[in-house]
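**Q** next input, structure requested:
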Amino acid sequence: MLRPMEKTDRQPVLELIRATGFFTPDEVKVAEELIDIYLNQPEQRDYFVVVVENEKGQVAGYMTYGPTPLTEGTWDLYWIAVSPSEQGKGYGQELVRWLEEEVKRKKGRLILIETSSQPKYEPTRKFYEKLGYAEVARIPDFYRPGDDRVIFGKYFS
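**A** Coordinates of the predicted model:
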């Protein structure tokens, strides 16, 4: 089941973000800030957060997304993570496919996703490619020397 994030999901989501081992402490802080904006400022429309539950009703994954400021129909998938114990079960695909339908429903035309070029992110990049996203840009040494910013995109007509 996929649904909007609720305040009771905050701790389980933060725990799954940390458990993935993919995010630095500073990145976790940013994810937490966006979650808190979403949960505590319901009138804002910059960030939206959804969770997907497993068959036991536990949070298996989450995603933060929103419209890209100053664009027409472009959306960013800011954060996506699935609990290590739930990976490989289709929850990540479910989140992305749901976002695609949401963006189409809102007459969006493009979803952008950025990630790192580091070797540990190779499965992440393959995941996006499998879902039909193509590398549309790469900024060398963006995050740190030897760590490029890789941007994936998918257009909708």
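**Q** just give me the longest strand of this structure.
**A** For the chain, the strand that runs over the most residues, judged by DSSP state E, is strand 134-144.
**Q** next SSE after it?
**A** Once strand 134-144 ends, the next helix or strand along the chain (criterion: DSSP states H and E) is strand 147-155.
**Q** ranges for the helices of the protein?
**A** If DSSP state H is used as the criterion, the helices of the chain fall at 10-20, 25-40, 91-105, 122-130.
**Q** let me have the ones you listed in TSV, extended by mean neighbour count.
**A** (C-beta placed from N, C-alpha, C; glycine too.) Converted to TSV, those look like this (neighbours: other C-beta atoms under 10 Å):
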stretch	mean neighbour count
helix 10-20	16
helix 25-40	14
helix 91-105	17
helix 122-130	14
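**Q** of those, which approaches residue 51 most closely?
**A** Nearest to residue 51 among the helices of the chain is helix 10-20 (6.6 Å), distances taken as C-beta to C-beta.
**Q** need the residues that contact the closest one.
**A** 5, 23, 28, 31-32, 35-36, 39, 49, 51, 58-62, 79, 81-84 (C-beta atoms under 8 Å, 6 or more residues apart in numbering).
**Q** can you say which of the residues you listed are buried?
**A** 5, 23, 31, 35, 49, 51, 59-62, 79, 81-83 (16 or more other C-beta atoms under 10 Å).
**Q** neighbours around residue 48, how many?
**A** Here the number of neighbours of residue 48 (other C-beta atoms under 10 Å) works out to 19.
**Q** where's it relative to residue 137, distance?
**A** Per C-beta to C-beta, to the nearest Å, residue 48 is found 24 Å from residue 137.
**Q** same check, this time on residue 8
**A** Look at residue 8 and residue 137: by C-beta to C-beta, they are 38 Å apart.
**Q** and stretch 99-119, how far apart are its ends?
**A** 26 Å (C-alpha to C-alpha, to the nearest Å).
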